[in-house]
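Trainee: sequence unknown, structure follows:
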């Protein structure tokens, strides 16, 4: 039984309805709701929402993004991995130094989100594919008013890409970013979305749009070809399941980092954190220590599934998990750092309908506006997911041609007694797997309702294993963690701590919650 009190500073109330959408931007949430009201199901709603997000929240995602999703279709869970591979022409000697480029064509892998939209619609959708683009095309053509948080990220990024002329032409036509509330039009993107809609995504990978992408790559020193785009395929997957108490957490297998959340929860299943005060120093300490182990495992081993040398099941091997749990005591333990690139720029959405379908979906540029590459005349901004590769020799995630990079974006799903219980995610790069752990423990150990769990102050283990605590963490927790050997820092930067969206299945209908750290909303009917 969930606790319907709200013990943390909260600006929002949960939404109760039989058909629900939760995401990080209100216009996109309403697009999803419009699809449901038009006779569509949760899958249609998710696609309509995802397409609209590429228009109205462009710093975080775009048509040139990647995407992952977990779907409950009324009978089973199905996963889809829409991450794209690196161009086949990426040879190891193309890259030097200690880290991958973060901007330009040498950071761009084949975008996968368009293929995810088309595949989900074909397999599970009810509405015509073109109908799911109506709101997005309308906002791109006639304009949308830019949100406050989106405007802030937009402004911070324009100068970064001052030398990228197509980017400046499309996103800063007057040399500056739009301010909050300003009407911004993207007519070039409207035409692109219409082509994608009318061809069910084919034009992006095998038509005129593909030709334009390949030509601009060639003209600007990149090596992505029409063959690279044409060879892209999504991966249908069976989500990995890991039990925790009386529930199971489901994640897409690597190359994403969802397995790290499962490793941490498997370790925590051997502890008594369910009897500890949530938010207390001891409660945070045990979760942080479990997360350190999981993060290091992700940095060492996660990669394109064809390149991994250790099977995911081996990283969840019960005896190994027990030993890891036994290694945690009442004081902090250092771990050697190994840093991979991280980002906080992602969108997440979840939907559910009165037929029992539920969707957990995420898509992302990686870093703000991705690579800075915008395909001239199309409004397509290309992600920089190639930055997720490693340049370490012989590492399973070492950069190579035709390979999927390590991914931070992960949709989450919880079942109980083999029945769907919660579609959820916590967008925000390196925060995502730790956000999944915090949502699961708060809701299923301590019965906090989804909005309260989202509102609660969060902790964040950095890629160098530093510990950040969100503003609002109690002074006793802060001091207690110091006494345990941690070196925590209180941070006011809400972007570090991600943005949660959750849909929890009730006996009748759903409870939907949306994070106050973002400008989005939960809505339903």
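Mentor: Noted; the coordinates are in hand. This one's a predicted model, so the numbers in the text were calculated from it and none came from an experiment. Numbers count the residues shown, from 1 in each chain.
Trainee: so which residue is dead centre in the chain?
Mentor: Nearest residue to the geometric centre of the chain (C-alpha atoms, centre = their mean): residue 409, 3.6 Å.
Trainee: I'd say it and residue 68 touch.
Mentor: Yes - in terms of C-beta atoms under 8 Å, residue 409 counts as a neighbour of residue 68; the distance is 5.9 Å. Glycine gets a C-beta too; all of them are placed from N, C-alpha and C.
Trainee: now do the shared contacts for those two.
Mentor: Taking C-beta atoms under 8 Å, 6 or more residues apart in numbering as the contact rule, residue 409 and residue 68 both touch 256, 362, 363.
Trainee: name whatever forms a beta bridge with the first one.
Mentor: Residues in a beta bridge with residue 256, per DSSP bridges, are residue 407.
Trainee: and residue 34, helix, strand or coil?
Mentor: In the three-state summary, residue 34 is assigned as helix, counting by DSSP: H, G, I helix; E, B strand; the rest coil.
Trainee: if we ignore the residues flanking it in sequence, what's nearest it?
Mentor: Excluding the flanking residues, the one nearest residue 34 by C-beta to C-beta, 6 or more residues apart in numbering is residue 135, at 6.1 Å.
Trainee: what sits against that neighbour?
Mentor: Residue 135 sits next to 27, 30, 31, 34, 48, 51, 52 when contact means C-beta under 8 Å, 6+ apart.
Trainee: can you tell me the closest non-neighbouring residue to the second one?
Mentor: Leaving aside its chain neighbours, residue 30 sits nearest to residue 523 (6.6 Å; criterion: C-beta to C-beta, 6+ apart).
Trainee: so that neighbour is in which element?
Mentor: Taking DSSP states H and E as the definition, residue 523 sits inside strand 521-524.
Trainee: neighbours of residue 160, just the number please.
Mentor: By the other C-beta atoms under 10 Å criterion, the neighbourhood of residue 160 contains 15 residues.
Trainee: for it, which non-adjacent residue is closest in space?
Mentor: residue 372 (7.0 Å).
Trainee: for the one you found, grab the count of nearby residues.
Mentor: Look at residue 372: counted by other C-beta under 10 Å, it has 26 neighbours.
Trainee: from residue 56, how far off is it?
Mentor: Relative to residue 56, residue 372 is positioned 20 Å away (criterion: C-beta to C-beta, to the nearest Å).
Trainee: contacts only, for residue 145.
Mentor: Residues counted as contacts of residue 145 (C-beta under 8 Å, 6+ apart) are 181, 182, 183, 184.
Trainee: ok, residue 180 touching residue 153?
Mentor: No - using C-beta under 8 Å, residue 180 is not in contact with residue 153; the gap is 11.5 Å.
Trainee: okay, those two: which has more neighbours?
Mentor: Remark: of residue 180 and residue 153, residue 153 carries more neighbours, 19 against 15, as counted by other C-beta under 10 Å.
Trainee: you'd agree that one is in a helix?
Mentor: Yes - assignment of residue 153 by three-state DSSP places it within a helix.
Trainee: per-residue pLDDT of the closest residue to it other than its chain neighbours, please?
Mentor: Of all residues not flanking residue 153 in the chain, residue 59 sits nearest, at 4.2 Å (C-beta to C-beta, 6+ apart). At residue 59, the pLDDT value in this model is 91.
Trainee: tell me the secondary structure for the residue nearest to the centre of the chain?
Mentor: Put simply, residue 409 is coil when judged by three-state DSSP.
Trainee: next: the one 5 residues further on.
Mentor: On the three-state scheme (three-state DSSP), residue 414 is labelled strand.
Trainee: just the mean pLDDT for stretch 204-221, thanks.
Mentor: Along stretch 204-221, the predicted confidence averages to a pLDDT of 98.
Trainee: pull the number of nearby residues for the residue nearest to residue 153.
Mentor: 24.
Trainee: now residue 476: which helix or strand?
Mentor: helix 475-483.
Trainee: re earlier: so what's the residue nearest to residue 30 up against?
Mentor: Each residue near residue 523 by C-beta under 8 Å, 6+ apart is listed here: 15, 20, 21, 22, 26, 29, 30, 33, 512.
Trainee: that's a helix at the fourth one, yeah?
Mentor: No - secondary structure of residue 22 (three-state DSSP): strand, not part of a helix.
Trainee: tell me where the stretch 251-400 of the chain has strands.
Mentor: 345-352, 358-366, 374-375, 380-381 (DSSP state E, counting those that start in this stretch).
Trainee: who does the longest one pair up with?
Mentor: Paired neighbours of strand 358-366 in the sheet (DSSP bridges): strand 66-72 (antiparallel), strand 345-352 (antiparallel).
Trainee: residues of it that come out buried?
Mentor: If you call a residue buried by 16 or more other C-beta atoms under 10 Å, then strand 358-366 has these buried ones: 358, 359, 360, 361, 362, 363, 364, 365, 366.
Trainee: list just the nearest of those residues to residue 157.
Mentor: Comparing those against residue 157 with C-beta to C-beta picks out residue 365 as the nearest, at 10.3 Å.
Trainee: for that closest one, which non-adjacent residue is spatially closest?
Mentor: That would be residue 383: by C-beta to C-beta, 6+ apart, it lies 4.7 Å from residue 365.
Trainee: that neighbour reaches residue 65, doesn't it?
Mentor: Yes - with contacts defined as C-beta under 8 Å, residue 383 counts as touching residue 65 at a distance of 5.1 Å.
Trainee: shared neighbours, those two?
Mentor: Taking C-beta under 8 Å, 6+ apart as the criterion, residue 383 and residue 65 both touch 111, 364, 365, 370.
Trainee: can you list the buried residues in the lengthiest helix in the chain?
Mentor: Secondary structure of the chain per DSSP state H: the longest helix is helix 281-301. For helix 281-301, burial by neighbour count (16+ other C-beta under 10 Å) applies to 281-299, 301.
Trainee: so which elements touch that helix?
Mentor: For helix 281-301, the elements it packs on are helix 258-268, helix 318-326, helix 432-440, strand 459-461, helix 475-483, judged by 3 or more C-beta pairs under 8 Å, 6 or more residues apart in numbering; DSSP states H and E.
Trainee: thinking again about what came up before, now, among the shared contacts of residue 383 and residue 65, which is nearest to residue 504?
Mentor: Nearest to residue 504 among these is residue 364, at 23.9 Å by C-beta to C-beta.
Trainee: any idea how far residue 351 is from the closest one?
Mentor: Note on residue 364: its distance to residue 351, by C-beta to C-beta, is 18 Å.
Trainee: and residue 43, how many neighbours does it have?
Mentor: Residue 43: 26 surrounding residues under other C-beta under 10 Å.
Trainee: report the contact partners of it.
Mentor: 71, 120, 121, 124, 125, 126, 351, 357, 359.
Trainee: so the last one sits against residue 46, correct?
Mentor: Yes - in terms of C-beta under 8 Å, residue 359 counts as a neighbour of residue 46; the distance is 4.1 Å.
Trainee: end to end, how far does stretch 58-76 reach?
Mentor: Looking at stretch 58-76, the gap from its leading to its trailing residue is 33 Å under the measure C-alpha to C-alpha, to the nearest Å.
Trainee: let me redo that: stretch 127-147
Mentor: End-to-end distance for stretch 127-147: 29 Å, by C-alpha to C-alpha.
Trainee: mind listing what's buried in that stretch?
Mentor: Within stretch 127-147, the residues that qualify as buried by neighbour count (16+ other C-beta under 10 Å) are 127, 129-141, 144, 146-147.
Trainee: can you check stretch 465-484 too?
Mentor: Burial within stretch 465-484, assessed by neighbour count using 16+ other C-beta under 10 Å, is assigned to 465, 467, 468, 469, 470, 473, 477, 478, 480, 481, 484.
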